[in-house]
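Colleague: can't give you the sequence, but here's the structure:
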């Protein structure tokens, strides 16, 4: 345990401290250890490309969370109806999670390729006016990332909701049924409100996944067209490893870290507290 | 409860109920098709000759199975300047991932055991710090990591750097898994054995290990999937012939050639995804347990 503690302190917390320190320097290609204050942050917030990344994170993160929750819940409720082949269907909904985002991004990029993929398949069906070129359209490309992202993650959310649905107190459900409530009413009025903790967990998982999203964008659009699908993670990578701007890269990393901390720390705190009691 | 169950099954037998059941299954099948479509497209495209791809729909079955694409992708296709196919990168991934999985899992097991069976001051704080490290965006540590590995000579041309990263940043999750498993066992197990004279590792070896098989499976599958699928560390900490397979796939797809071979891209994607898919379909139960353990602590 002692070696792990030491390694964690250095490799996680020491490195974070180093990154925070760098964000207050004027480091370019090589680290410089002279502190110059908030310069990197000022420059960061003045960059148009950073503005695009933030806007994209809000669009992507918001839609990614809402659509995942909606689709995950719908699938979980459907599977909760004592379905034959439930195991097989669950496996089908969840398998994307086993694949690398680079793999699934490659496939989605191919399917969304205007002129060869989905668009052409619809043309061949006879609807020749059909147009679906979002992936190369700067205004819509970010939404194609949402499509692929939701496809990948919704199975996980379904699994979380399904586990929660199975834990609902059946006596309450029965009582409501005896009072003449219909199945949709029972789900909407009783079952779904009672799985609130699962929503909370799902939101935390999704939010932190959204902030960390990187590979999927790299594989699908590489941040493009131009930098239309940039996210803070892509921006950070570009600044640090392609633009040789360690200070701004570090400042970006610190912004990302703060966002994730704001989401995860309260969650971990509330999850760990009841666990402490029986230790 | 039983009346409610009964209601559900008697309702299902009425005409309205039957219609409901049919639409329920139709809806589920529709969703299944949506989730399977990319996997199907990936496989179908990899078997189609380029001419056929230009003529027919994305979803059309391949007329002839063109195995040549697979041979080319595996051992001949050029990825930037290296023309040995996906094979060497597959081997790189195996060489880095397998030791990283074994080492991080073993250390996690010992950590989990120490945290639960040998309580010490600050154990909770340490566990909290480890747990938080599972969630940090790696962008916050990647710059100093690259600097340090470079300075130590474990830079991008060898696999040691990226392997170290996988081990170190996997410890949070592996410790979490074992800790949550061992915390449910009675501590008397250890007390009795220590009275009989067993030491720290004696107890671990003779008492804990024999009952740890399920959690080992979960952890190994989780670590294997996570590390095999990683892109950020691999892209930053490896280069050229030392790259792992996700980086090679990305480079292959990005390589601009006169004629784009989508069949090769798709075959390469299948090759990259195959190991984790196989693990998932053989041991999905354990994979899901890992996923949910990663989301819900306790």
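Modeller: Thanks, I have the structure now. None of the values given here were measured: they were computed from a predicted structure. Numbering: from 1, shown residues only, chains lettered A, B, ... in the order given.

Colleague: shaky segments in the chain?
Modeller: Here I'm looking at chain A. Scanning chain A with the threshold set as pLDDT under 70 gives A:274-279.

Colleague: wait, chain B
Modeller: Residues of chain B that meet the cut-off, pLDDT under 70, sit at B:1-16, B:256, B:258, B:294-298.

Colleague: can you get me a residue count around residue B:120?
Modeller: The tally of other residues near residue B:120 (other Cβ atoms under 10 Å in any protein chain shown) stands at 10. Bear in mind the C-beta positions are built from the backbone N, C-alpha and C, glycine included.

Colleague: oh, I was asking about residue B:246
Modeller: 28.

Colleague: so it is in which element?
Modeller: helix B:245-254 (DSSP states H and E).

Colleague: after that helix, which helix or strand is next?
Modeller: helix B:262-295.

Colleague: picking that back up, show me which residues of the helix holding residue B:246 are buried.
Modeller: B:245-253 (16 or more other Cβ atoms under 10 Å in any protein chain shown).

Colleague: near chain A, from those?
Modeller: B:246, B:249-250, B:253 (Cβ under 8 Å from any Cβ of the partner chain).

Colleague: and which of those is nearest to chain A?
Modeller: Lowest distance from chain A to these (Cβ to the nearest Cβ) belongs to residue B:246, with 4.4 Å.

Colleague: show me what contacts that closest one?
Modeller: Going by Cβ atoms under 8 Å, 6 or more residues apart in numbering or on different chains, residue B:246 touches A:100, A:102-103, A:215, B:93, B:228-231, B:234, B:272.

Colleague: do that again at 6 Å, thanks
Modeller: Taking Cβ atoms under 6 Å, 6 or more residues apart in numbering or on different chains as the criterion, residue B:246 is in contact with A:100, A:102, B:231, B:234.

Colleague: and those residues, which is closest to residue A:10?
Modeller: For the contacts of residue B:246, the minimum distance to residue A:10 (Cβ to Cβ) is 21.9 Å, reached by residue B:234.

Colleague: spell out which residues of the stretch 151-279 of chain A are next to chain B.
Modeller: Within reach of chain B by Cβ under 6 Å from any Cβ of the partner chain, the stretch 151-279 of chain A has these residues: A:156, A:159, A:170, A:174, A:177, A:201, A:205, A:208, A:212, A:214-215, A:233, A:236, A:240, A:253, A:256-257, A:260, A:264, A:268, A:271, A:275.

Colleague: could you pick out the buried ones from those residues?
Modeller: Neighbour counting with 16+ other Cβ under 10 Å marks A:156, A:159, A:174, A:177, A:201, A:205, A:208, A:212, A:214-215, A:233, A:236, A:240, A:253, A:256-257, A:260, A:264, A:268, A:271 as buried within those.

Colleague: which members of those occur in helices, if any?
Modeller: A:156, A:159, A:174, A:177, A:201, A:205, A:208, A:212, A:215, A:233, A:236, A:253, A:256-257, A:260, A:264, A:268, A:271 (DSSP state H).

Colleague: and the stretch 101-250 of chain B, which residues reach chain A?
Modeller: B:111, B:114, B:126, B:130-131, B:133, B:135, B:137, B:139-141, B:143-144, B:168, B:171, B:229, B:231-232, B:246, B:249-250.

Colleague: one more time with 7 Å, if that's ok
Modeller: Residues of the stretch 101-250 of chain B lying close to chain A by Cβ under 7 Å from any Cβ of the partner chain are B:107, B:111, B:114-115, B:124, B:126, B:128-133, B:135-137, B:139-141, B:143-145, B:147, B:168, B:171, B:225, B:229, B:231-232, B:236, B:246, B:249-250.

Colleague: show me which of the residues you listed are buried.
Modeller: The buried subset of these - by 16+ other Cβ under 10 Å - is B:107, B:111, B:114-115, B:126, B:129-133, B:135-137, B:139-141, B:143-145, B:147, B:168, B:171, B:225, B:229, B:231-232, B:236, B:246, B:249-250.

Colleague: in helices, which of these appear?
Modeller: If you go by DSSP H, these have B:107, B:111, B:114-115, B:126, B:129-133, B:139-141, B:143-145, B:147, B:168, B:171, B:225, B:229, B:232, B:236, B:246, B:249-250 in helices.

Colleague: count the neighbours of residue 162 for me.
Modeller: Unless you meant another one, I'm taking chain A. Residue A:162 has 22 nearby residues by other Cβ under 10 Å.

Colleague: oops, chain B please
Modeller: 29.

Colleague: got the phi/psi numbers for residue A:229?
Modeller: phi -110, psi 20 (degrees, to the nearest 10).

Colleague: cool, residue A:224 as well?
Modeller: Dihedral angles for residue A:224 - degrees, to the nearest 10 - are phi -90, psi -170.

Colleague: list the contacts of it.
Modeller: If you count contacts by Cβ atoms under 7 Å, 6 or more residues apart in numbering or on different chains, residue A:224 has none.

Colleague: do the same with residue B:54
Modeller: Residue B:54 makes no contacts at all, as judged by Cβ under 7 Å, 6+ apart.

Colleague: can you tell me how far it is from residue A:26?
Modeller: 53 Å (Cβ to Cβ, to the nearest Å).

Colleague: what of residue A:270?
Modeller: Residue A:270 is 40 Å from residue A:26, by Cβ to Cβ.

Colleague: of these two, which one has the most company?
Modeller: Between residue A:270 and residue A:26, counted using other Cβ under 10 Å, residue A:26 has the larger neighbour count: 16 against 13.

Colleague: can you name the residues in contact with stretch A:124-140?
Modeller: Contacts for stretch A:124-140 (Cβ under 7 Å, 6+ apart): A:109, A:112, A:114, A:118-119, A:122-123, A:141, A:143-144, A:220-221, A:225-226, A:228, B:57.

Colleague: residues of it that come out buried?
Modeller: Quick answer for stretch A:124-140 (16+ other Cβ under 10 Å): A:132, A:134-137.

Colleague: then stretch B:31-45?
Modeller: Buried, per 16+ other Cβ under 10 Å, within stretch B:31-45: B:31-32, B:35, B:37-39, B:41-42, B:44-45.

Colleague: any part of that stretch near chain A?
Modeller: Yes: counting by Cβ under 7 Å from any Cβ, chain A has neighbours in stretch B:31-45: B:31-32, B:35-36, B:38, B:41-42, B:45.

Colleague: closest to residue A:15 out of the residues you listed?
Modeller: Using Cβ to Cβ, residue B:38 comes nearest to residue A:15 of the residues of stretch B:31-45 next to chain A, at 36.0 Å.

Colleague: excluding its backbone neighbours, what's nearest the closest one?
Modeller: Among residues not flanking residue B:38 along the chain, residue A:107 sits closest, at 4.5 Å (Cβ to Cβ, 6 or more residues apart in numbering or on different chains).

Colleague: which helices and strands sit right next to whichever strand or helix holds the one you found?
Modeller: Element membership for residue A:107 (DSSP H and E) is helix A:101-111. If you count contacts as 3 or more Cβ pairs under 7 Å, 6 or more residues apart in numbering or on different chains; DSSP states H and E, helix A:101-111 packs onto helix A:141-166, helix A:215-220, helix B:15-47, helix B:245-254, helix B:262-295.
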